[in-house]
Structures are given as structure tokens and as C-alpha cells.
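J.: Model the following, please.
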Amino acid sequence: MRVDLFDFALPQDRIALRPAAPRDAARLLTVTADGLGDRIMRDLPQLLRAGDLLVFNDTRVIPAQLQGMRGDARIGATLHKREGPRTWRAFLRNAKRVKIDDHIDFGAGVAAIALEKDEQGAVLLHFEGEEPVELLLERAGVMPLPPYIASRRPTDGRDLDDYQTMFAREAGAVAAPTAALHFTPELMASLAAAGISHETLTLHVGAGTFLPVKADDTADHRMHAEWGRIDAATAARLNDVRAAGGRVIAVGTTSLRLIESATGEDGLIRPFEGDTSIFITPGYVFHGVDGLITNFHLPRSTLFMLVSALMGRKRMLAAYDHAVASGYRFYSYGDGSLLLP
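T.: The predicted structure follows:
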């Protein structure tokens with residue numbers, strides 16, 4: 001499909017620079033076969049059914065953004081995907097100044113060597129020394145805010161908490177699964193009281209999630225890979241819920257992509273561990289999820305293509321037009337939507 005079919009106008013003042021406070025006070029646009037509805041996240045227990053199950057991503061964002069020097073050249077690095085105990089793929093700013101085997105000094109006793117470059121422009125960095133890379137990042141790294149926020153304000157202390165979900169447990173993401181930022185212990189208690197359960201899986205979100213689609217046709221876009229895991233007990237639980245007539249509703253596109261990667265055409269969700277580069281566009285047949293809670297996505301992005309596959313492109317363009325006209329806040333710190341096909 002033509003990528004320009006997924007374009008829409010978005011005023012810059014609709015991009016949220018801070019999350020709603022409290023988190024569950026964010027607005028919620030419902031999109032169903034019956035039309036659109038304007039609610040807030042706290043209404044979610046009334047919008048779902050007893051027996052439904054929400055699936056959250058328990059990945060934890062690491063301080064994956066680094067500033068360093070290669071000689072007299074200033075180099076910025078955003079880690080993208082872990083490849084080994086001491087090696088990460090990273091997107092570099094001023095990458096033309098970095099050659100294979102170059103040494104980059106990130107300060108605070110943290111340094112890395114550039115081992116190779118891949119087709120997507122990422123550089124494989126090997127961190128020197130014997131300390132765990134996690135400790136090195138704690139010393140030299142900062143929280144990797146999305147570029148559409150970082151270009152408008154600096155990262156600060158509030159982001160250390162704001163950009164983690166209440167489910168964050170497994171360290172390894174370089175971007176938050178932002179749909180889950182809206183959930184609070186109070187909202188989870190209300191959902192449980194309404195008979196709505198939840199499970200977690202792990203998908204370490206990479207910086208590739210922010211890469212623009214440069215191709216003119218979706219068939220020519222190469223999707224980035226991310227590592228994920230669904231254990232056997234979680235897969236069995238999701239299957240049991242669906243067999244009993246409940247709905248499995250992914251919280252975030254990361255949860256959805258991993259569930260779909262683990263589900264066969266027979267509709268059974270199986271244990272999964274490894275990389276997934278699934279690219280979901282209109283025409284895709286969903287096998288493992290029955291709905292999605294997600295934030296509002298960029299024009300022409302793979303994530304807007306995903307929600308268009310779930311709900312229909314024209315319906316989602318109309319929903320986004322409504323969201324813009326109604327003052328909804330967009331992107332990572334913005335409002336949410338409940339999509340029930």
C-alpha cells in the first residue's frame with residue numbers, strides 16, 4: 001500500500017510534553033463499530049466486560065542515550081538493541097565521523113568501540129571494561145525521550161518516573177510501552193473489582209520504533225527487530241480466557257505485536273522467546289488479540305498502519321481527525337484510545 005495513504009495533519013501544539021496528572025486522568029477515545037466516544041482512562045472498567053484480560057508489557061526503560069567524543073568529534077548514541085553481554089546496536093548522531101574500530105569516549109569511565117554498521121545505519125558498539133553495561137549506563141546515560149519531545153525540551157528528573165510504567169520490571173527497553181503509562185494502582189484495583197484480569201509479557205522496545213518510513217510503498221519498508229518473551233504459563237492463561245469467551249486486549253502496540261508473533265493461524269497463543277520484526281498493515285488477519293489500548297501515533301508511521309489494520313484505515317483517519325479537533329494530546333505522553341473491532 002502507498003505510505004501516503006496513512007498521512008494526516010497534526011498541529012504541533014497537540015504533541016504532549018508531559019503526561020496527565022494523575023496518570024489515569026488522561027482522556028480516552030473509544031473507537032468501536034458503533035462509533036466514537038469521549039471518555040477518560042478511569043472509565044475503563046465500565047467500557048470492558050467481566051472476563052476480559054489486559055496484557056501489559058513489563059519492560060523497563062534503561063538510560064540508553066549517551067553523549068561522547070571520537071577524537072574532536074561530538075557523537076550522540078541511542079542504544080537500540082542488545083546483541084550480547086557487552087554489545088549493543090545504536091543509532092549515532094554525527095555517525096559519518098565514526099569508522100569501524102573507532103573508540104568513543106562517553107565520559108564517566110565509559111567507552112565503546114564501533115565494530116560494524118548495518119543496513120539500517122545502526123552501529124554495533126562494544127563497551128570496554130568488565131563492569132556490567134547496566135552500571136555503565138547508570139553512570140553515563142540519560143533517559144531516551146522520543147525525538148518529538150526531546151527536540152522541544154531537555155530530559156529532566158521528572159522523566160525518570162514519568163517515562164516508566166507501573167509494570168516496569170525487566171530492564172532492556174530504550175522506549176517505554178507508553179499505553180501503560182496511563183495505569184495506576186487505583187485503576188488496576190477498579191479493573192479487578194469489575195472482573196477484568198491482567199497478565200504481563202516482555203518486549204524490549206528498540207529505538208527503531210521511531211524510525212520514519214522512508215519507502216513510498218509499505219512493501220518496501222524493512223521493519224526493525226525487537227526481542228520478546230511470552231512464557232508458557234502466560235500463553236496458557238491467554239488461551240483459557242479466550243476459550244471462556246473473554247477478550248484478550250493488548251495494552252500497547254508492543255504487547256499486540258508480540259502476541260501476534262506468538263499466535264498461530266489456529267488462534268492458539270504459544271510460548272515465544274526471540275526476535276520479532278512483524279509488520280502489521282491493512283489486510284493482516286489478527287489471530288491473538290481482540291482489542292487494543294494505545295496512544296495516538298505519528299502520521300505515516302508503522303504504528304498508525306497497525307491500528308488501521310485493526311480498525312480500518314478510513315475509520316482511524318476519522319478518529320484521528322476527531323481527536324485533533326477535540327484537543328486530544330498525542331504521542332508518548334499523550335492521551336489514549338480504546339480500539340474494539
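J.: neighbours around residue 318, how many?
T.: Residues lying near residue 318 (other C-beta atoms under 10 Å) number 15. Yep, even glycine has a C-beta here, placed from its N, CA and C like the rest.
J.: Show me the shaky parts of the stretch 201-341 of the chain.
T.: For the stretch 201-341 of the chain, applying pLDDT under 70 flags no range at all.
J.: Show me the strands in it, by range?
T.: 226-230, 248-251, 272-276, 291-295, 336-340 (DSSP state E, counting those that start in this stretch).
J.: Just give the strands next to the fourth one in its sheet, each with its orientation.
T.: Strand 291-295 has the following strand partners under DSSP bridges: strand 248-251 (parallel), strand 336-340 (antiparallel).
J.: Check the first one too.
T.: Sheet partners assigned to strand 226-230 using DSSP bridges are listed as strand 197-203 (antiparallel), strand 272-276 (antiparallel).
J.: residues in contact with the most centrally placed residue in the chain?
T.: The structure's the chain has its C-alpha centroid closest to residue 177; by C-alpha atoms, centre = their mean the separation is 4.1 Å. For residue 177, the contact set (C-beta atoms under 8 Å, 6 or more residues apart in numbering) comprises 56-57, 59, 165, 203, 205, 251-252, 254-255.
J.: Out of the strands paired with strand 226-230, which one sits most buried?
T.: When these are scored by mean count of other C-beta atoms under 10 Å, the highest mean neighbour count falls to strand 197-203 (a mean of 21).
J.: next one: it to chain centre, how far?
T.: Here strand 197-203 shows a centroid-to-chain-centroid distance of 14 Å under the convention C-alpha atoms, centre = their mean, to the nearest Å.
J.: swap in stretch 21-37?
T.: 19 Å.
J.: thinking again about what came up before, what's the closest of the contacts of residue 177 to residue 69?
T.: Closest to residue 69 out of the contacts of residue 177 is residue 205 (28.0 Å), distances taken as C-beta to C-beta.
J.: Any idea how many residues pack against the closest one?
T.: 26.
J.: Phi and psi next, for it.
T.: Backbone torsions for residue 205, taken as degrees, to the nearest 10, come to phi -70, psi 130.
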